[in-house]
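A.B. asks: Starting from these lines, generate the structure:
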Amino acid sequence: MSVRVLVVEDEEVAAEAHATYVQRMAGFELAGVARSAAEAVRLLDRDADVDLILLDMHLPDGHGLGLLQRLRAAGHTVDVIAVTSARDTEVVRRAVSQGVVLYLLKPFTFAAFRGKLEQYAEFRTRLERTPGDVVQDDVDQLFGALRERPTGADLPKGMSLDSLRAVLVALREHPEGLSATEAGAAIGVSRVTARRYLEHLADEGRVTRSPRYGGAGRPEVGYVWTGADPGRGAIS
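C.D. replies: Down below sits the predicted model:
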């Protein structure tokens, strides 16, 4: 059975992106998009089968945590993942105290978004399989599903976390960008190996590709660090 998701986001472009991301994921179904707290309440009152809210904190008619407080007072037990640019530790603390199960900071890539929803799906799967009376190990496994995914779990086969970190360090130290040859020389691997890591980072939205001209031979591709760290916990 699919997880039905309500996106609560006031920015049109972001709302459309989050809705599209949900629709790209197997096991999830878009229940609707609300551009304000009032609209979210109306949608939830009409549709009691929403399982999960992706909640922005900055809404035109109030704070996301205020909306969450209203929903809890009205008896809505829907799960919530905060999807927001709010970095204030007090907001994070209050979010946890009000039952927000995961917290995703903007900006992020689809991979980071997917990771959070997969964590949530794993939690639900374990919960459904857990007997009515739990022992400590059952509880530990349920809460463990909501913790950070294993470091490097999303890396393609044959890629190492240490090498990926080394490429990241080299890119950050060269804001003008690096070619695959230069990156390989910087971290002590072949051009082909370095290019594989650089292409992975480009696909994740962490670096941009641009052609380089000058010198003999064919133009090279340069890779420039974007300065964004979506999914940071996996490779920082």
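A.B. asks: Toward the C-terminus, what is the element adjacent to the worst-scoring helix or strand of the chain on mean pLDDT?
C.D. replies: When each helix and strand of the chain is scored by mean pLDDT, DSSP states H and E, helix 136-144 comes last, with a mean of 78. As assigned by DSSP states H and E, the chain's next helix or strand after helix 136-144 is helix 161-173.
A.B. asks: Walk me through the domains of the chain.
C.D. replies: The chain is divided into the following domains under automatic domain parsing: 3-144, 161-234.
A.B. asks: So which of those is nearest residue 155?
C.D. replies: domain 161-234 (6.6 Å; C-beta to C-beta). Any C-beta I mention is one placed from the backbone N, CA and C, and that applies to glycine too.
A.B. asks: For the closest one, give the mean pLDDT please.
C.D. replies: For domain 161-234, mean pLDDT is 81.
A.B. asks: quick one: residue 201 from residue 27, how far?
C.D. replies: 27 Å (C-beta to C-beta, to the nearest Å).
A.B. asks: With neighbour numbers in mind, choose between the two.
C.D. replies: residue 201 (21 against 12; other C-beta atoms under 10 Å).
A.B. asks: Specify the angle between the helix ranked longest in the chain and helix 136-144 in degrees.
C.D. replies: Criterion DSSP state H: the longest helix present in the chain is helix 110-129. Counting by axes from the mean of the first three to the mean of the last three C-alpha atoms, to 10 degrees, helix 110-129 lies at 150 degrees to helix 136-144.
A.B. asks: Buried residues, helix 110-129. List them.
C.D. replies: For helix 110-129, burial by neighbour count (16 or more other C-beta atoms under 10 Å) applies to 110, 112-124, 126.
A.B. asks: and if you look at stretch 74-81?
C.D. replies: Applying 16+ other C-beta under 10 Å to stretch 74-81 flags 76, 78-81 as buried.
A.B. asks: Kindly reformat these as CSV containing pLDDT.
C.D. replies: Shown next, in CSV, are those (pLDDT from 0 to 100):
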residue, pLDDT
76, 89
78, 94
79, 95
80, 97
81, 96
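A.B. asks: can you redo those as CSV with distance to residue 213 and secondary structure?
C.D. replies: Output for those, formatted as CSV (distance: C-beta to C-beta, whole Å; DSSP: H, G, I helix; E, B strand; the rest coil):
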residue, distance to residue 213, secondary structure
76, 58, coil
78, 54, coil
79, 51, strand
80, 50, strand
81, 45, strand
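A.B. asks: Make JSON lines from those residues and add distance to residue 44 to it.
C.D. replies: Formatted as JSON lines, the buried residues of stretch 74-81 follow (distance: C-beta to C-beta, whole Å):
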{"residue": "76", "distance to residue 44": "6"}
{"residue": "78", "distance to residue 44": "7"}
{"residue": "79", "distance to residue 44": "13"}
{"residue": "80", "distance to residue 44": "11"}
{"residue": "81", "distance to residue 44": "15"}
